[in-house]
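> Pasting a predicted model and its sequence here:
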Amino acid sequence: MGHHHHHGHSHGHSHGHSHTGNKKALLSSFILIAAFMVVEVIGGFLTNSLALLSDAGHMLSDAAALGLSFFAIKLGEKQVSQEKTYGYKRFEIIAAALNGLTLLVISLIIFYEAIRRFFSPPEVQSAGMLVISVIGLLVNIIAAWILMQGDKDENLNVRSAFLHVLGDMLGSVGAIVAALLIMFFGWGIADPIASVIVAALILVSGFRVTKDSFHILMEGAPTQIDFSQVKKELGKIPLVKEVHDLHIWTITSGYPVLSCHVTISDEGIHDEILSQSQQILHDEFQIEHSTIQVEKEANGCPSPHGTCN
């Protein structure tokens, strides 16, 4: 039974660096957005604007997303224990899933309220609405800039937070346009229209985040790794007869794991083939953590079901 665990030192160092960056980015944008959200809720009630309230709803989900992401990274730092052999890294994905579901609920509430307002558009104070939505736009631009300093391409959590903020930005733009239309043309209906657009944005990003996180929770193969390609590359190693029981899954963002059985011909040297397999997985598929069982063809398949496919 060959069990080999490869973990590059350089990887650990760069990971630690971006990790601290992520934490700082998440915390500072959380404080910024949470503070402004309170302003927007009060403003929404005072000006009677659903567009502002829906944007505040989006900001609430943003603040929750950022807070959860920050909390998840903090929890992920907890040491691995005998009970939790991967530590708390999974919590990050659970946080993203909860966050996605919350978004879906918020968007439905806004749709409901907007439909009601289409039939009887209330009086909206456009000047106050305009001021608050312009400040909202600036707050979102700053938050997006802060999050871009983190590694949003690698980390699902930072990415979901970044997508939230982008959606928020569009929400603020919608509220600004609606405020101008009400101010200059008296189009009260612009307010519920803007909120429907925001709700649609929230719905889309909520669906995406939920789908991605459920895929990981269901141990789905990482989308960026081609399963059949991995099998093919390992099968090309000289003296390898067959690759079976191949599993690839993700513990948390950017942490793919693989396990498989490799059957080799009798003249194959166990350790050489093991190390070649590790090399291929690391260099071509960026899989750092793999468990490979190498077995000689003559010994047959160790599987109790006698299936080696």
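That came through, no problem.

> Quick one: residues contacting Ala179.
Ser49, Ala51, Val124, Ser126, Ala127, Met129, Leu130, Ser133 (Cβ atoms under 8 Å, 6 or more residues apart in numbering). From N, CA and C alone the C-beta is placed, and that goes for glycine too.

> okay, those in a markdown table with pLDDT, secondary structure and distance to Leu32 next?
Below are the contacts of Ala179 laid out as a markdown table (pLDDT from 0 to 100; DSSP: H, G, I helix; E, B strand; the rest coil; distance: Cβ to Cβ, whole Å):
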| residue | pLDDT | secondary structure | distance to Leu32 |
| --- | --- | --- | --- |
| Ser49 | 83 | coil | 22 |
| Ala51 | 81 | helix | 21 |
| Val124 | 82 | coil | 26 |
| Ser126 | 84 | helix | 26 |
| Ala127 | 87 | helix | 24 |
| Met129 | 86 | helix | 21 |
| Leu130 | 90 | helix | 21 |
| Ser133 | 88 | helix | 16 |
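
> Quick check: of the residues you listed, which lies closest to Arg208?
Within the contacts of Ala179, the smallest distance to Arg208 is 23.0 Å, found for Ala51 (Cβ to Cβ).

> Tell me, how many residues neighbour the closest one?
33 (other Cβ atoms under 10 Å).

> Let me know the distance separating it from Ala64.
In this view, Ala51 and Ala64 are 20 Å apart by Cβ to Cβ, to the nearest Å.

> go on, Leu147?
Taking Cβ to Cβ, one finds Leu147 at 15 Å from Ala64.

> Please apply the same query to Lys23.
Using Cβ to Cβ, Lys23 is found at 17 Å from Ala64.

> The two: which has the busier surroundings?
Neighbours around Lys23 and Ala64, counted as other Cβ under 10 Å, are more numerous at Ala64. The numbers are 22 against 17.

> quick one: buried residues of the helix or strand encompassing that one?
Ala64 belongs to helix 50-76 when assigned by DSSP states H and E. By neighbour count with 16 or more other Cβ atoms under 10 Å, helix 50-76 contains the buried residues 50-70, 72-73, 75-76.

> I'd like to know which elements it is packed against.
helix 9-47, helix 91-119, helix 126-148, helix 156-185, helix 190-217 (3 or more Cβ pairs under 8 Å, 6 or more residues apart in numbering; DSSP states H and E).

> Now the two most distant members of the contacts of Ala179.
Across the contacts of Ala179 (Cβ to Cβ), the longest gap, 14.1 Å, separates Ala51 and Ala127.

> circling back to that earlier point, what is the distance between the helix holding Ala64 and the centre of its chain?
13 Å (Cα atoms, centre = their mean, to the nearest Å).

> how much does it deviate in direction from helix 126-148?
Between helix 50-76 and helix 126-148, the angle comes out at 20 degrees (axes from the mean of the first three to the mean of the last three Cα atoms, to 10 degrees).

> Relative to Leu32, how far out is the residue nearest to Pro122 when sequence neighbours are not counted?
Spatial nearest neighbour of Pro122, excluding adjacent residues (Cβ to Cβ, 6 or more residues apart in numbering): Asn48 at 5.4 Å. To Leu32, Asn48 is 26 Å away according to Cβ to Cβ.

> circling back: what values do phi and psi take at the residue nearest to Pro122?
phi 60, psi 30 (degrees, to the nearest 10).
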